[in-house]
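Colleague: Mind looking at a prediction? Sequence and model below.
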Amino acid sequence: MDSEYDFIVIGAGASGCAVAAQLAQTASRPKVVLLEAGSPNGNETYLEASERFNVAFDPNSFPNWGYKTVPQHQLNGQEVDYSRGRGLGGTTSINFCGWLVGPKDDYEEWARLTGDDDFRWLNVKKCLDRIQHLHPEIPVPELRKYLKASPDHSTSGKIDISYGGPWIPDIGNIFVAAEQIGMRVNADINDGDPIGLGMGTVNCWKGKRIHAAAAYLPGCGPNLTVVTNALVSKIMVENKRAVAVEAADGRVFFARKEIILSGGALNSPQLLLLSGIGPKEEIEKHSIRTVHDLPMVGKNLRDHCYSAVGIVVKHGPDFVETDVAPLCPSPMAFLKSAAAMSSKEFASLPCDIQRHLSQPTIPNFEIATHTPPSMLDYEPSPDVSFVGAICILDNAQSHGTLTLKSADPNEAPIIDPKFATHPFDRKVLIDGIRQTIRLLQAPIYAKNTIEVLGPDPNADDEEIWEHIRTHFGSSWHMSCTVKMGRTPDEACVDSNFKVFGLEGLRVADMSVCPFVPNNHVQSTAYVLGEILAEKLAKEYGLVSSTVDARL
């Protein structure tokens, strides 16, 4: 095996597969190596769409880093599951397959914060068109009145996106419930304006999960080398230029042009710190030599968190018997909170954040319905049915840290998201849970409800918060730990994904987000890989093979 390449990409998740494949397929055909810490994917049950809720929790299904947070004392001491896929495809091989692209105003804000129009919605939409192939068929014809995907969606991208199917019998009830309580129904929540209740889409097609490695890597040609079982332990820097990477087993890979770090929001900052790149005081406490003092590495960890509720209903043909049918996507409602937006907690936010949150397409929280009862640790008996929902916090203002536990690359980092420690986050979650329960108490459900698994929506804030803190989880949308920005005082990389103060090293994954986008973030991770590939092709004169998928 060669040891010298034009480009080295570390991490075979969404961003890593996208950038490696797109670089390899440019007309110049540079030599690219994609290094993945995990093993080749063996047990293929993880590919079954019917298993999409189970893969992350089945150690025999797909390799998982198995991370957990430090105890979150504000959440009853819970150590929150922080699963990450470890193998080809990364977390796209273990996630729940939700495909939500989020608000156009998020990307307009990203462009404003970085001063780079490549992150504006118009360019992001072009990237999404190259990425996704929407199959718009609606499995239940009578529900087409609620759902109509925009004809502007691409049908020629690499990732198959669909409405799944078959759908569970009572899916239509949630749209009736929304109408009954005056909630907007949104026919297409993936058109850049997600506000309202619509049907989620999934990266599943013909009963199979479509993950990053399967979508991007086949057909790349011999100039792309994929190496598994290659845990990178160090990025080697000479005279402020990244020149090579060393694997934990001693192998060394040299880069003629660039090293691209795509390990994700947890592993990317960990590897930078292990390489001596980051806050000097954090690095040197583990007897690692400081190569480049960059204060913001590992700071600003943000995530979407959730709390779960549900109702127990009379058993009948209109309801799910025991669990959500995994072939059916979840209906999703992206909503604004009038209570939170008029609160003193909102008024205390910085003006720029207030302005962003006030944009018309920006939600405060999301409701995902028809979620598994396992999210409430509830097991329905055979004579009843269950309808579950989770309320997901958008625009998290709480931010945490990722630091090293030791200098051993095999040891998990210390992850402290500090979930829901910001007063505005708590305000949004409390109102979001109220609205979620009110949706499940609409007349179409109330007539069959036996028990509500959650607080009374009219209860005081403290009672609702007590439910939240004891029925809590992460949406695994961790972001922002190698933040993109304009200066090294407040960020780690510039808008060209370059690590401030170093040459030959870029980071492209969810760690670079300036804020956590209001979507299900795998779509953003693919977009980041595509944007970096475009920038590198232009900078190095590679003659990009990228074409506008809508032509």
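Modeller: Now that the structure is in, tell me what you want to look at. Only a predicted model underlies this, so the values are computations on that prediction, with no experimental measurement involved. Numbering: from 1, shown residues only.

Colleague: in the stretch 301-450 of the chain, which spans are helices?
Modeller: With DSSP state H, counting those that start in this stretch as the definition, the stretch 301-450 of the chain shows helices at residue ranges 338-341, 344-347, 351-357, 423-440, 443-446.

Colleague: closest to I189 out of these?
Modeller: Among those, helix 423-440 comes nearest to I189, with 15.6 Å by C-beta to C-beta. Placement of C-beta: from N, CA and C, glycine included.

Colleague: Alpha carbons of that closest one, in PDB - could you do that?
Modeller: Provided in PDB are the C-alpha atoms of helix 423-440 (Å, rounded to 0.1, in the frame of the first residue of the first chain):
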ATOM      1  CA  PRO A 423     -32.800  29.500  31.000                       C
ATOM      2  CA  PHE A 424     -34.100  30.000  27.500                       C
ATOM      3  CA  ASP A 425     -33.600  26.300  26.600                       C
ATOM      4  CA  ARG A 426     -35.700  25.400  29.700                       C
ATOM      5  CA  LYS A 427     -38.400  27.900  28.700                       C
ATOM      6  CA  VAL A 428     -38.700  26.400  25.200                       C
ATOM      7  CA  LEU A 429     -38.700  22.800  26.400                       C
ATOM      8  CA  ILE A 430     -41.400  23.500  29.000                       C
ATOM      9  CA  ASP A 431     -43.700  25.200  26.500                       C
ATOM     10  CA  GLY A 432     -42.800  22.500  23.800                       C
ATOM     11  CA  ILE A 433     -43.900  19.700  26.100                       C
ATOM     12  CA  ARG A 434     -47.100  21.600  26.800                       C
ATOM     13  CA  GLN A 435     -47.800  21.900  23.100                       C
ATOM     14  CA  THR A 436     -46.900  18.300  22.500                       C
ATOM     15  CA  ILE A 437     -49.400  17.000  25.100                       C
ATOM     16  CA  ARG A 438     -52.100  19.300  23.700                       C
ATOM     17  CA  LEU A 439     -51.600  17.800  20.300                       C
ATOM     18  CA  LEU A 440     -52.000  14.300  21.700                       C
END
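
Colleague: Sort out which residues of that helix are buried, please.
Modeller: Neighbour counts using 16 or more other C-beta atoms under 10 Å place 423-437, 439-440 of helix 423-440 among the buried residues.

Colleague: Stretch 355-375 now?
Modeller: Under the neighbour-count criterion of 16+ other C-beta under 10 Å, stretch 355-375 has 356-357, 361-373, 375 buried.

Colleague: Strands - which of those residues land there?
Modeller: F365, E366, I367, A368, T369 (DSSP state E).

Colleague: what's in contact with stretch 334-351?
Modeller: If you take C-beta atoms under 8 Å, 6 or more residues apart in numbering as the criterion, stretch 334-351 is touched by 103, 183, 186, 189, 194-196, 354, 357-358, 362-367, 394, 397, 423-424, 426-428, 431-432, 435, 518.

Colleague: make that stretch 120-138, sorry
Modeller: Contacts made with stretch 120-138 from outside it, assessed by C-beta under 8 Å, 6+ apart, are listed as 18, 99, 101, 104-105, 107-108, 111, 117, 144, 147, 149, 153-163, 165, 192, 201, 205, 523, 526-527, 530-531, 546-550.

Colleague: Let me see the backbone angles for D489.
Modeller: Comment: the main-chain dihedrals of D489 come out as phi -70, psi -30, following degrees, to the nearest 10.

Colleague: what are the phi and psi angles of the residue sitting nearest the centre point of the chain?
Modeller: Centroid check for the chain by C-alpha atoms, centre = their mean gives V521 as the closest residue, at 2.8 Å. Its backbone dihedrals place V521 at phi -80, psi 0, with angles given as degrees, to the nearest 10.

Colleague: For D509, see how far away it is.
Modeller: Distance, V521 to D509, by C-beta to C-beta, to the nearest Å: 10 Å.

Colleague: Next: R469.
Modeller: Distance from R469 to D509, counting by C-beta to C-beta: 30 Å.

Colleague: Same check on L453?
Modeller: 36 Å.

Colleague: okay, these two: which has more neighbours?
Modeller: D509 (32 against 21; other C-beta atoms under 10 Å).

Colleague: quick one, what contacts that one?
Modeller: Contact partners of D509, counting by C-beta under 8 Å, 6+ apart, are 11, 13-16, 261-265, 268, 525, 528.

Colleague: Distance to I138, pLDDT and secondary structure added to those residues, as JSON lines?
Modeller: Below are these laid out as JSON lines (distance: C-beta to C-beta, whole Å; pLDDT from 0 to 100; DSSP: H, G, I helix; E, B strand; the rest coil):
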{"residue": "G11", "distance to I138": "36", "pLDDT": "99", "secondary structure": "coil"}
{"residue": "G13", "distance to I138": "31", "pLDDT": "98", "secondary structure": "coil"}
{"residue": "A14", "distance to I138": "27", "pLDDT": "98", "secondary structure": "helix"}
{"residue": "S15", "distance to I138": "31", "pLDDT": "99", "secondary structure": "helix"}
{"residue": "G16", "distance to I138": "34", "pLDDT": "99", "secondary structure": "helix"}
{"residue": "L261", "distance to I138": "40", "pLDDT": "99", "secondary structure": "strand"}
{"residue": "S262", "distance to I138": "35", "pLDDT": "99", "secondary structure": "coil"}
{"residue": "G263", "distance to I138": "38", "pLDDT": "98", "secondary structure": "coil"}
{"residue": "G264", "distance to I138": "34", "pLDDT": "98", "secondary structure": "helix"}
{"residue": "A265", "distance to I138": "34", "pLDDT": "99", "secondary structure": "helix"}
{"residue": "S268", "distance to I138": "39", "pLDDT": "99", "secondary structure": "helix"}
{"residue": "A525", "distance to I138": "27", "pLDDT": "99", "secondary structure": "helix"}
{"residue": "L528", "distance to I138": "31", "pLDDT": "99", "secondary structure": "helix"}
